[in-house]
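Q: quick one: sequence plus predicted model below, questions after.
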Amino acid sequence: MLERLPVEVITSILEYLSVSDLLEASTVCRRCLLASQSRSLSARLSLVLCPGDLFGPGADEAEDRPLVRRATSLRLHSDVSARVLCQPRFHACLHQLESLSFRGSSIQEDELCSVLRHCVFLRELDLANCNALFMSGTFLEKHERVGACLPVLSALHSLDVSHNRYLSDALLTRVMATVARPRSLRLAGCTICFSSYSDSSASFSTLLSLKTILLCVSEHTCSLRVLDLSATGIPDSALARIGQIPALQLEQLYLADCDQVSVRGLEALLRSQTSLQVLDVHGCPGVDEQTVGVLSSACPGVRSLDLSGCRLTSSVLAPLGSLPCLERVQLANCFREARVDTTSLARFVAAASRVRCVDLSSASIVDDSVVSSLCARLPLLTELNLSSSSHVTDESVHLIASGLSQLSVLRLAWCRQLTDFGLVGLDKTARFVEALAANREFTACRCCTSGPDKLALFRREKSLVGHPLAHVAQHEVNALLRAGASGERGLQRLSKLRLLDLSSCPLVSDAGVEHGLPRGQLQHLLLSACTLLTDRGLEALSANAPVLQRLSLQHCCHVTDRGLAQLIRHAPRLHWLNIAGCSAVTDRTVDALLTWPHRLRYLDASMGTAMSPQGYALLEERIPALLQPEGE
C-alpha cells in the first residue's frame, strides 16, 4: 500500500506523529525513510550527544544514520569535549544545524571557532554556563578568529550567555558587535552591576554593567524581541530605563526570581511594550494583582503569563479573564487564602476560552468545585497541573476524564485523597468511606516527643501497605469492574494523554494502574511513592503502554525484579527509569537492562536498592551512555 503513495502524501501523514513514532516509522520501508528525511520533519529532531554515543557500541555508525545527519538541533552533553565535533565524521551533521547548545561545557575559544566554521545555517547558539570560554576575557579579541566566526555569528537570531560569571562589558560588546540582527538575548543569572557608578563613560573589563546592556539593546531595537534578565536582581529603576529605549518592542520578557521587581517597575516598562506576548515574573514577591491590570490595559496581546510564587489572592482571576489572547497561565504556589473567590473564578472561566494550559499546583483554593468550573468552561485545555492540591478528590478526576478530552499533560502529584476509584471512573460506596474513617491509624512524628495522644498536631498516618483498607479498595474496584459495562472509563477516556504524574498518591494501587490509565499513547508516567504498587501494576503497564518512554518508581518498595523485567521486555522505547529506593530490586534487574544496552539513557538506582557494587560497575561498563537523571 505504501509503495503506491507519493512521498509527499506519506510526509503529510508522518507530520501527525511524535518524534519517537517518527523514528520508528522511518524504519518501515524505503519510502517512509525518504519521507522522514524531508526538512519539515527533520527540523523537529533534537539530538543530545552523550559519552556513550561516542565510545559505546555502534558509535561509529551513529553519525551515518540519515535522520541523525538531517537533525537541525544539537546539544553537547557537559561530559563531552567539544573537540570531538571537529572530527570529519560530524561535518555533515554540523552543516545542517540551526540550533547548537554547549550549555555547561568547558569549551575553549579555538574549539568553538573550529565548530562554528562548519555551521553555515546556524541560527541559535547556547553558551550558557560556559565559564571557561569567558574566563580569560580575550574571547573574540583576535581578528583572525573573529574573521573565521563572523559569517556564522552575524547570521544568529538567538544568543544565550546566561549564568556566565566572567561576562563583562568588554566581552558582551565584542560578542554583540558580531551579531547583526539578534532576535533573542538571554543574560539570566549573570552578575550585573546596577549601581550609579556603572553609568560612567568607561567600560569595565571584569564587570557587566547596566550601561552596556542598555547600549546593546538600543543598537538592536529593530530586531530584538526576546530579553531574559531572570535572576539578575534588576531593580525597578533599571526596568524603567529599558522601557525608555526608543522603538523597543519586546515580544517575550523574562524576569523570574528578581526579588527587587515590583508593580511600579513593571508598569514603567510594560506601558511601552504593546507587542508583548510572553511575560515570566515567577518568584517575584513584589508582584501582585495590579500587574494583571497593567497587562490588560498596556499589553492585551499577552499569550503566556507566569505568576508562580507571587503574592496573590484569588481575586486576580477576574482581571486574567480580561486578557483576550491568553493561552497559558501559571499560578503555582500563589494563593494564601483558604477559599476561592467564586465571582472572580466565574468571570475568569467565562472569558478565558482560549486558555490551553493552567497551572494551579500548591494552591490551597483548589477543590472539586474549582475543577468543575474549569472542566465545564475550558474544554480545550491541553495541560493541567493540580499537584499538591490537598482538597482535590476522585470527583475532580471524574470531571477531568469526562470534560477535558484534549488533555495531553495531567499532573496530580501529592493529591493524597485520590484513589483507584477516581482513576477507574467509579463512585466510592458508603461502606468504603466509612472504612476509610474507621481504619485510619496514626503514629507519632519523629519531631514529636510527647506522643500522638498528647500532641495531635504532629500526627502522621501509618503506611497503608498491608493495611486492610488497601485490600478493601482493590477488591471493590475489581468487583465493580466485573459487574459494570464494558468500554473506556475514567482516565482511559483521555486518548491524547502523554504525561501523567501520580507521585505521592498513597491510595493508588495496581487496580488503578491496570484499569484506569489511558492505553496506547502514554509516554511519561510518574508513580514515585505509590507504595501500594506491585509487580502486577508493572505487568499491566507492559501490556497497556507500549510507547512508554519515562517511568518513575521511586520508593515503590513492593516492586521487584520480575515486574521490572516484564516491563523492560515489552517497553521498547523506555529510556528513562527511576527505581531509587526500591529495596526489592537486585542484580537481576541489571541483567534485564543489559538485554537492551543501546536504549537506556537515564537510570537512578540509589537510596537502598539491593543491587551490588558489581552490578553498578557492570551497568557503567556495558552502557556507557548511562547518565544520572537531570530531573523529571
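A: Ah, there it is.
Q: where does the stretch 151-300 of the chain have low pLDDT?
A: Applying pLDDT under 70 to the stretch 151-300 of the chain flags the ranges 196-205.
Q: which residues in it form strands?
A: Residue ranges of the strands in the stretch 151-300 of the chain, as given by DSSP state E, counting those that start in this stretch, are 158-160, 184-186, 192-193, 208-209, 226-228, 252-254, 278-280.
Q: and what of the stretch 301-450 of the chain?
A: Under DSSP E, counting those that start in this stretch, the stretch 301-450 of the chain gives strands at 304-306, 328-330, 357-359, 383-385, 409-411, 442-444.
Q: a markdown table for those strands, including distance to residue 225 and mean neighbour count?
A: For the C-beta atoms, the positions are set from N, CA and C on the backbone; glycine is no exception. Output for the strands of the stretch 301-450 of the chain, formatted as a markdown table (distance: least, Cβ to Cβ, whole Å; neighbours: other Cβ atoms under 10 Å):
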| stretch | distance to residue 225 | mean neighbour count |
| --- | --- | --- |
| strand 304-306 | 14 | 21 |
| strand 328-330 | 18 | 21 |
| strand 357-359 | 22 | 20 |
| strand 383-385 | 24 | 21 |
| strand 409-411 | 27 | 21 |
| strand 442-444 | 56 | 14 |
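Q: pick out the shakiest of those strands, pLDDT-wise.
A: Note on those: strand 442-444 shows the lowest mean pLDDT, a mean of 41.
Q: and the gap between residue 399 and residue 409?
A: Distance of residue 399 to residue 409, given as Cβ to Cβ, to the nearest Å: 17 Å.
Q: sorry, that was for residue 177
A: Taken as Cβ to Cβ, the span from residue 177 to residue 409 is 42 Å.
Q: what of residue 243?
A: In terms of Cβ to Cβ, residue 243 sits 35 Å off from residue 409.
Q: let me know which of the strands of the stretch 151-300 of the chain is tucked in deepest.
A: Among those, strand 208-209 has the highest mean neighbour count (mean count of other Cβ atoms under 10 Å), at a mean of 24.
Q: remind me what that strand packs against, helices and strands.
A: For strand 208-209, the elements it packs on are helix 169-178, strand 192-193, judged by 3 or more Cβ pairs under 8 Å, 6 or more residues apart in numbering; DSSP states H and E.
Q: just these: most buried one?
A: Mean neighbours per residue, mean count of other Cβ under 10 Å, is largest over the helices and strands packed on strand 208-209 for helix 169-178, with a mean of 19.
Q: so what touches that one?
A: 134, 137, 139-141, 146, 149-150, 153-154, 159, 161, 182, 185, 203-205, 207-209, 211-213, 215-216, 219-220 (Cβ atoms under 8 Å, 6 or more residues apart in numbering).
Q: again with stretch 584-597
A: 56-57, 557-561, 564-565, 568-569, 572, 579, 600, 603, 605, 609-612, 614-615, 618-619, 622-623.
Q: what is the end-to-end distance of stretch 536-555?
A: Stretch 536-555 has an end-to-end distance of 16 Å (Cα to Cα, to the nearest Å).
Q: give the rounded mean pLDDT of that stretch.
A: For stretch 536-555, the per-residue pLDDT averages 91.
Q: buried set for that stretch?
A: 536-542, 544-545, 547-555 (16 or more other Cβ atoms under 10 Å).
Q: before we move on, back to that, any of the contacts of helix 169-178 buried? List them.
A: Buried by 16+ other Cβ under 10 Å: 134, 139-140, 146, 149-150, 153, 159, 161, 182, 185, 208-209, 211-213, 215-216, 220, out of these.
Q: now render the helices and strands packed on strand 208-209 as TSV, adding distance to residue 342.
A: Converted to TSV, the helices and strands packed on strand 208-209 look like this (distance: least, Cβ to Cβ, whole Å):
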stretch	distance to residue 342
helix 169-178	50
strand 192-193	44
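Q: can you say which of the ones you listed is nearest to residue 4?
A: Proximity to residue 4 (Cβ to Cβ) singles out helix 169-178 among those, at 51.5 Å.
Q: just how off-centre is the closest one within its chain?
A: Taking Cα atoms, centre = their mean, to the nearest Å, one finds helix 169-178 lying 32 Å from the centre of the chain it belongs to.
Q: how about stretch 495-509?
A: The answer for stretch 495-509 is 16 Å, by Cα atoms, centre = their mean.
Q: for stretch 347-360, same thing?
A: With Cα atoms, centre = their mean as the basis, stretch 347-360 stands 21 Å off its chain's centre.
Q: list the buried residues of that stretch.
A: Neighbour counts using 16+ other Cβ under 10 Å place 347, 348, 349, 351, 352, 355, 356, 357, 358, 359, 360 of stretch 347-360 among the buried residues.
Q: can you list these in TSV and add distance to residue 519?
A: Shown next, in TSV, are the buried residues of stretch 347-360 (distance: Cβ to Cβ, whole Å):
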residue	distance to residue 519
347	38
348	34
349	30
351	36
352	31
355	28
356	24
357	24
358	25
359	27
360	27
